[in-house]
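Undergrad: Okay, here's the prediction I keep looking at, along with the sequence it came from:
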Amino acid sequence: MSATNSAAASGSAPPPLPRWAPFEWIVALRFLREGRMQTGFIVTGVAIGVGVIVFMSALLSGLQSNFIRRVLTAQPHIQLLPPKEVARPQRGGEDNGTLQHGAIVQPPLQRLKSIDQWQAVAAQIRAMPEVATVSPEATGSALAVRGSASRAISAIGIEPERYFRIVAIPEKIVRGSTRLGATDILIGTELASDLGVGVGDKLRVSAALGASTTLTVAGIFDLGNKGANQRTTYLALHTAQSLLGLPGGVTGLDVTVHDVYAAERIAQRITAATGVQADSWIRTNEQFFTAINAQQTSNTVIRAFVGLSVAFGIASVLVVSVVQRSREIGILRAMGISRAQILRLFLLQGSLLGLSGSLVGSALGALALALWQRFARNADGTPLFPLAFEPWLFVAALVLATLVGLAAAVAPALRASRMDPVVAIRG
Amino acid sequence: MAEPAVVALRAVRKSFNIGTPVQTEVLHGIDLELHRGEFCAVMGPSGSGKSTLLNIIGLLDRPTSGTLSVCGEETTGLDDAALTRLRGHSIGFVFQYHHLLSAFSALENVVLPMLGAAGRPDAAMFARAERLLDEVGLSPWRDNPANRLSGGQQQRVAVARALAMNPPVLLADEPTGNLDTKSADAVFELLRRVNREEGTSVLFVTHNPELASRCDKTIQVVDGAIVGAREAPDAGS
């Protein structure tokens, strides 16, 4: 065979050594390239693990923010309510000032009442930088009557321009408009159906205390919940105040804040500053929050187990590689390669497996997310819920998988570096 | 001999399984000097301790007792890192099996010891490796993967790799043992030429009396002791 033919006939001459790379990089890359089947399998394994984590994290994060968005577009972040009536048992006069024992204390009736000095309280809250909107409401029970049909309703008096910034009623109007004059009312689709009314029809609304008024249906909305569509009605604030016997008063102040997750902390500040009880959406939706926490915990557990299986996969491949390459490790040691260089060589292989697996896995995760966006749709063709392609998720996946690869390589690398070269060469 | 000793062993003993009931002493107080430019054959039956002796001289193993100096440096108190450094710069190995790294080409295998010592590749390394491959007659196969060469070619690449750091001592543990007569002769002649032209001291383990007769000196190792040494005034002719 001629010289030229021999070189050409080899067919798989190794690529030129990268001149920029240190010794450990060059040997690690060559070892991984040479064991390409092992490398391919473990990179695929890591990629599947990372892809699952990326896809699942983005999906759950999207699902969670979608839940929160849905919850928070239908209710204020913080609600201020007047203090409840409490019974104050009479204290014993001459009896050392202690409570009278054995007294039966009847819980007091909860009259509809206004927040004291609500205008001043609202102004005080509006001045807080974390607060976005403050909207007063006067809410009470009433009866909607049309002909012989009647339904119990919740009459909510609002200032539309403020309230609609908290609950996006205009987006939920299915017929009519959001105009709320003194004699207008907005009702839900179920109530409209039950009473057989449409836009422009009149309703008689009677409050529990006896006052009543006739209102015109200005718009019909769909809140996405049958019960809410049956009971919820919106009136102009002053109309509700007259109907409910609360002239100039409000039964609550609805507040939205810029950071929804800080709502509880802000609520506590509002209570401390105004003396009015403020409840955040986090407190009023405790079960919802528990569900979210449970979801996050299970997500973390799944991620941890996937990470563990990735780590064991990389470690097992490297352990096999150390055994297979023991003679080569021995000969490297014989030619003057130090233990530290051997250690770095195998640590690097672990990191490279983690990094390359996570690169492929991130691409797989992104592809899966794109397919989800494309095919998982509502009946009307809109996306089931929006997914955010957050760069930090991919960066975190890359960094974590590389670190997992590095950690997984520690034991095999130590084993390789501690190998007795005489024994290694002998095999 | 006027040349200084590049390797000197004094009363070197080596035992395995120390502290156990099956403790075995395989070298019993070896005294040996290898001088600069000397080509010394080591003969002896299998299991006589030749390879153990070479491993100790090559700083791959430590003697149980006795002293060893390499290139004038006493090795007894050196730690692993210092021994590795000394080994890398002073000693070249050629084994019975070539032990080339199959992930690298012939040329890259020769570059590896220099790359390991320097940390990063540079043009001078490749130039030296090409010159060494040229000297062993393998320039045309320089880019072939190591495992695509014949046995004789692989052993010649191993010789070139052993010479990469220009070591003063070359330890060859039956390098012709797996080769046919023609290839064995070619490898031996290569080592002899390096010895003459570079002044490299060679310790050459062989079972072949004909090759041993062409060395400057032959020592016989039997049961872990040197039982005879023969100078060959006409060696290498």
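TA: In hand now; what should we look at?

Undergrad: and A:Ile153, what does it touch?
TA: A:141-144, A:187, A:191, A:205, A:231-233 (Cβ atoms under 8 Å, 6 or more residues apart in numbering or on different chains). C-beta: built from backbone N, CA, C; applies to glycine.

Undergrad: now it, which residues is it bridged with?
TA: Each beta-bridge partner of A:Ile153 is listed here: A:Ala142, as defined by DSSP bridges.

Undergrad: Could you measure from it over to A:Val306?
TA: 51 Å (Cβ to Cβ, to the nearest Å).

Undergrad: got it, and B:Leu83?
TA: Taken as Cβ to Cβ, the spacing of B:Leu83 relative to A:Val306 amounts to 44 Å.

Undergrad: likewise A:Leu32?
TA: Taking Cβ to Cβ as the measure, A:Leu32 and A:Val306 are separated by 22 Å.

Undergrad: Which one's more surrounded, the two?
TA: Set side by side, A:Leu32 and A:Val306 show more neighbours around A:Leu32, with 22 against 19, by other Cβ atoms under 10 Å in any protein chain shown.

Undergrad: Which residue is the nearest non-sequential neighbour of the more buried one?
TA: Distances taken as Cβ to Cβ, 6 or more residues apart in numbering or on different chains put A:Thr39 closest to A:Leu32, at 4.7 Å, once the chain neighbours are dropped.

Undergrad: before we move on, which element is that neighbour in?
TA: Counting by DSSP states H and E, the element that carries A:Thr39 is helix A:36-72.

Undergrad: mind checking the SS state of the residue of chain A found nearest chain B?
TA: The shortest separation between chain A and chain B is 1.9 Å, found at A:Gly336 (distances taken as Cβ to the nearest Cβ). Three-state call for A:Gly336 (DSSP: H, G, I helix; E, B strand; the rest coil): coil.

Undergrad: What parts of the stretch 301-427 of chain A come near chain B?
TA: Where the stretch 301-427 of chain A comes near chain B, counting by Cβ under 8 Å from any Cβ of the partner chain, the residues are A:327-328, A:330-341, A:421-422, A:425.

Undergrad: Which among those count as buried?
TA: Buried residues within those, defined by neighbour count using 16 or more other Cβ atoms under 10 Å in any protein chain shown: A:327-328, A:330-339, A:341, A:421-422, A:425.

Undergrad: Quick check, pLDDT for the closest residue to A:Val250 other than its chain neighbours.
TA: Nearest residue to A:Val250 in three dimensions, chain neighbours excluded: A:Pro136, at 4.1 Å (Cβ to Cβ, 6+ apart). You'll see A:Pro136 listed with a pLDDT of 94.

Undergrad: quick one: A:Pro136 is in a strand?
TA: Yes - assignment of A:Pro136 by three-state DSSP places it within a strand.

Undergrad: Touching, it and A:Leu253? I think so.
TA: Yes - the pair formed by A:Pro136 and A:Leu253 meets the contact definition of Cβ atoms under 8 Å, at 5.6 Å.

Undergrad: who touches both of those two?
TA: A:118, A:122.

Undergrad: Point out the other helices and strands that the longest helix seen in chain A packs with.
TA: Among the segments of chain A that qualify as a helix by DSSP state H, the longest is helix A:286-324. Counting contacts by 3 or more Cβ pairs under 8 Å, 6 or more residues apart in numbering or on different chains; DSSP states H and E, helix A:286-324 is packed against helix A:36-72, helix A:339-375, helix A:391-417.

Undergrad: Any stretches of chain B with poor pLDDT?
TA: Counting by pLDDT under 70, chain B has low-confidence residues at B:1-3, B:232-237.

Undergrad: still on that earlier bit, just the buried residues of the contacts of A:Ile153.
TA: Under a neighbour-count criterion of 16+ other Cβ under 10 Å, the subset of the contacts of A:Ile153 counted as buried comprises A:142, A:144, A:187, A:191, A:205, A:231-233.

Undergrad: For the residues you listed, give me CSV that also has secondary structure and pLDDT.
TA: Shown next, in CSV, are those (DSSP: H, G, I helix; E, B strand; the rest coil; pLDDT from 0 to 100):
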residue, secondary structure, pLDDT
A:Ala142, strand, 92
A:Ala144, strand, 93
A:Ile187, strand, 94
A:Leu191, helix, 94
A:Val205, strand, 94
A:Arg231, helix, 93
A:Thr232, strand, 93
A:Thr233, strand, 95
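
Undergrad: closest to B:Leu9 among those?
TA: Top of the list for closeness to B:Leu9, among these and by Cβ to Cβ, is A:Thr232 at 99.4 Å.

Undergrad: List the contacts of residue 67.
TA: Reading this off chain A. Applying Cβ under 8 Å, 6+ apart, the residues near A:Phe67 are A:288, A:292.

Undergrad: you looked at the wrong chain, it should be chain B
TA: With contact set as Cβ under 8 Å, 6+ apart, B:Thr67 has these partners: B:8-12, B:74-76.
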